[in-house]
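Visitor: Predicted structure and sequence below. I'll ask about it afterward.
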Amino acid sequence: MASVAISGEDRRRYRDKVRRCLDVLARMLGESQFDFERPHIGLEIELNLIDSLGDPLMRNADVLKAIADPAWATELGQFNLEINIPPRELGGEGTGALETEVRDHLAHADDRAREVGGQLVMIGILPTLRRTDIGEETLSSNARYKMLNDQIFAARGRRCASPSTVPSRCACTPTRSSPRRPAPASSSTCR
């Protein structure tokens, strides 16, 4: 991606455009333009890659190459992946088929992650993240992430400081090894 200079005026125009789009969305929701006789659902599931110790594994590009499925993509950090499941009818037999499809995708991806020395975990924020795991050098190689990062900091006018209360390390012991089966109510322990 070519270097782009984005001014404060560019950001203001973009915010205005987003507000207009949100206004249109609000009007469409108010007019029930999304009501269907048959409801639909689509999914985006974000996952993290970890190594055998539960630490972030910075190899999403290698895992994506091994998965070899266009439904999968990078996310912000080199330890993040996402899968996009296209919309389909919700209900009836379609719900069971959706579950089967998602489980099959996750099992396949987890098998490929294991081939490169990692595994997938479904957790919002890895409790094992350290300050050294987060920074420009750990962004996924997609240039849009660097541009997004640069623009957020440009809009803020400064770099963010890490809170001093964040521990440098959080030990986490997963209680299941795969996204193939539903997690128990408590799927990890942290200290």
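Guide: All right, it came through fine.
Visitor: what ranges do the strands span in the protein?
Guide: Ranges of strands in the chain, per DSSP state E, are 40-50, 72-74, 80-89, 119-121, 172-174, 188-190.
Visitor: Dump those strands to JSON lines, plus distance to Ala155 and mean neighbour count.
Guide: C-beta: built from backbone N, CA, C; applies to glycine. Output for those, formatted as JSON lines (distance: least, Cβ to Cβ, whole Å; neighbours: other Cβ atoms under 10 Å):
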{"stretch": "strand 40-50", "distance to Ala155": "24", "mean neighbour count": "17"}
{"stretch": "strand 72-74", "distance to Ala155": "23", "mean neighbour count": "19"}
{"stretch": "strand 80-89", "distance to Ala155": "23", "mean neighbour count": "16"}
{"stretch": "strand 119-121", "distance to Ala155": "32", "mean neighbour count": "24"}
{"stretch": "strand 172-174", "distance to Ala155": "33", "mean neighbour count": "15"}
{"stretch": "strand 188-190", "distance to Ala155": "33", "mean neighbour count": "13"}
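Visitor: Can you add mean pLDDT and distance to Pro56 and give those strands back as a markdown table?
Guide: Output for those, formatted as a markdown table (pLDDT from 0 to 100; distance: least, Cβ to Cβ, whole Å):
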| stretch | mean pLDDT | distance to Pro56 |
| --- | --- | --- |
| strand 40-50 | 92 | 6 |
| strand 72-74 | 94 | 14 |
| strand 80-89 | 91 | 9 |
| strand 119-121 | 95 | 10 |
| strand 172-174 | 47 | 11 |
| strand 188-190 | 37 | 14 |
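Visitor: I'd like to know which of those strands lies nearest to Glu101.
Guide: strand 80-89 (6.8 Å; Cβ to Cβ).
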